[in-house]
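Chemist: got a structure for you, letters missing:
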C-alpha cells in the first residue's frame, strides 16, 4: 500500500507542475505517440507476484475529434519470483523437492480509445485498451524448465497525461493503469486463473 | 522544429521489442539437489516386514555390458538407504529372495538410454538391470521425469505383488535424485542430504 501511495504523490506532483496552456508544441494535434518505461504490480498472482520495472509500452492514436482518439498499443513485461527450496506435489503421489525461479512474460496488444480533457500543452486523459495478451509462464528448477505459452483477452483502463513543455515536439507521458487478462496457467502445482495488475508508465510523448 | 516520422518511430519500437524479455535470474537457484519421489497409492506399506537393498549400484551409460559401482562411496550410499528403511520400521532380510521389498539403486552416468527409449520401458532393454525371475519391471503408476547425468534412481519392488501378466516385478516406490555432482565429482554430503530428503517427503513409507 505504501508503494501505491507513493505513486499517487508522484502523479499529483506531475499534475500540479503542469499548467494547461494552449500551445502548438506537440508535433501534431491530430495524433500522438508514447514510448514508456513500465512498472507493474501483480495482484494476487500465484505464479509470480513480484512488482518489477522490466517492461515497456508503445502506443499511438489519431484524434477523430478534438478530444477522442483511437489507436493501437503494444507493451511487454517480465516478472520474476524466486521460490526457496520446498517440496511440492506434482500429482497425488508424485512429489518434488527443489528451489525454483518463476518467470512470467506478458505481451498484450490491441486497440485503444483515448479521451483527452483539454487540447493544450498539458493533456490529461482517460483511456481504455482492449486486445489480446500473449504470455509465457516458465518455471526454472535445477537444470530443467517447465513452461506454458498462453493467450488471453486483455482489457486495461488508464488515466494519465501528455505534457509538451518544449517547442521541439517531444513531451512527457505519465499514466496509471489497471489491467486484466484471461490468461491461465497450470504448471506443476501452480495454477493461475487470470492476471490482474496495477502499474504506472513514465515516458516520452510525441 | 525536429519531426519524427512514423517509420522512424516504428524502427525504434521494433529494436526495443526485439530484446524485450528479461532473462530469468537463475543465479538465485541454490545449485543443490533435486529429489522426486513417487509411489503406488494402492500399496499398503505397513504390510511389509522385511527389506533388502541390492548392494551393487548399477551404472547406466551407453555400454552394452552391465557395469556396477562398487567402492567406498557406493557403499555409503547403499548403507544410507539401508539405514533409512530400517528407521522406517522394516527389518533387513538376508537376501532379496526372503525380503518383502527390494531396493535397486542405479547411477546415471549418461542419459543415452533415456534418450533412446524415452517413449517406452527403457529398463527392459538395458543390459544387466536387476531382473529377478521375470522379464522386466512393472509400474502401477505413471510418471515422467527429466533425466540428467550424475543422478541416482532408487526403485523399491514389492516381491509379492501380482502384475497384469505376472511376468514382471512391481515397483511400489521410486526416487530420482539429481544434482549430485560438484564439477565432475560426486558430492557425497549433498547425496546424503538428498537421500534424507527422499524419505522426508515419503511419509507413507513406514512400517
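Modeler: Right, received. Where do you want to start? Computed from a prediction, not measured in an experiment: that's the story for all the values here.

Chemist: any low-confidence regions in the chain?
Modeler: Assuming you mean chain A. A:1-27 (pLDDT under 70).

Chemist: if you could check chain B rather than the one you did, that'd help
Modeler: Looking at chain B by pLDDT under 70, you get B:1-20, B:63-64, B:111-137, B:143-146, B:163-167.

Chemist: all strands for it, in order.
Modeler: Here chain B has its strands, by DSSP state E, at B:34-39, B:50-53, B:57-60, B:67-69, B:91-92, B:101-108, B:136-138, B:151-158, B:168-178, B:181-182, B:185-186.

Chemist: could these be laid out in JSON lines, adding distance to residue A:108 and mean neighbour count?
Modeler: C-beta here means a position set from N, CA and C on the backbone, and glycine is covered the same way. Formatted as JSON lines, the strands of chain B follow (distance: least, C-beta to C-beta, whole Å; neighbours: other C-beta atoms under 10 Å in any protein chain shown):
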{"stretch": "strand B:34-39", "distance to residue A:108": "34", "mean neighbour count": "24"}
{"stretch": "strand B:50-53", "distance to residue A:108": "55", "mean neighbour count": "22"}
{"stretch": "strand B:57-60", "distance to residue A:108": "46", "mean neighbour count": "22"}
{"stretch": "strand B:67-69", "distance to residue A:108": "53", "mean neighbour count": "16"}
{"stretch": "strand B:91-92", "distance to residue A:108": "61", "mean neighbour count": "12"}
{"stretch": "strand B:101-108", "distance to residue A:108": "43", "mean neighbour count": "23"}
{"stretch": "strand B:136-138", "distance to residue A:108": "49", "mean neighbour count": "19"}
{"stretch": "strand B:151-158", "distance to residue A:108": "40", "mean neighbour count": "23"}
{"stretch": "strand B:168-178", "distance to residue A:108": "37", "mean neighbour count": "23"}
{"stretch": "strand B:181-182", "distance to residue A:108": "42", "mean neighbour count": "14"}
{"stretch": "strand B:185-186", "distance to residue A:108": "47", "mean neighbour count": "14"}
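
Chemist: for chain A, find the nearest of those.
Modeler: strand B:34-39 (4.1 Å; C-beta to the nearest C-beta).

Chemist: setting the sequence-adjacent residues aside, check what's closest to residue A:188.
Modeler: Spatial nearest neighbour of residue A:188, chain neighbours left out: residue A:90 (5.6 Å); criterion: C-beta to C-beta, 6 or more residues apart in numbering or on different chains.

Chemist: quickly note the distance from the one you found to residue B:100.
Modeler: In this view, residue A:90 and residue B:100 are 28 Å apart by C-beta to C-beta, to the nearest Å.

Chemist: for chain B, what are the nearby residues on chain A?
Modeler: Residues of chain A lying close to chain B (C-beta under 8 Å from any C-beta of the partner chain) are A:27, A:33, A:35, A:54, A:56, A:58, A:60, A:74, A:76, A:78, A:80, A:82, A:85, A:87, A:91-103, A:105, A:107, A:136, A:138, A:140-144, A:167-169, A:206.

Chemist: now, those residues that are in helices?
Modeler: Within the residues of chain A next to chain B, no residue falls in helices by DSSP state H.

Chemist: just the ones in strands from these, please.
Modeler: Those of these lying in strands (DSSP E): A:33, A:35, A:54, A:56, A:58, A:60, A:74, A:76, A:78, A:80, A:82, A:85, A:87, A:95-103, A:105, A:107, A:136, A:138, A:140-141, A:144.

Chemist: drop anything exposed from the residues of chain A next to chain B.
Modeler: Buried members of those, scored by 16 or more other C-beta atoms under 10 Å in any protein chain shown, are A:27, A:33, A:35, A:54, A:56, A:58, A:60, A:74, A:76, A:78, A:80, A:82, A:93-103, A:105, A:107, A:136, A:138, A:140-142, A:169, A:206.

Chemist: tell me how many other residues crowd the closest residue to residue B:48 other than its chain neighbours.
Modeler: With sequence-adjacent residues excluded and distances taken as C-beta to C-beta, 6+ apart, residue B:48 is closest to residue B:100, at 4.1 Å. Residues near residue B:100, counting by other C-beta atoms under 10 Å in any protein chain shown, number 18.

Chemist: who's in contact with residue B:100?
Modeler: B:47, B:48, B:49, B:50, B:51, B:90, B:93, B:158, B:159, B:160 (C-beta atoms under 8 Å, 6 or more residues apart in numbering or on different chains).

Chemist: could you tell me how far it is located from residue B:58?
Modeler: Per C-beta to C-beta, residue B:100 is found 22 Å from residue B:58.

Chemist: how about the contacts made by the residue sitting nearest the centre point of chain B?
Modeler: Compute the mean C-alpha point of chain B, and by C-alpha atoms, centre = their mean the closest residue is residue B:176, 1.6 Å away. Applying C-beta under 8 Å, 6+ apart to residue B:176 gives the contacts B:35, B:36, B:37, B:145, B:147, B:151, B:152, B:153, B:154.
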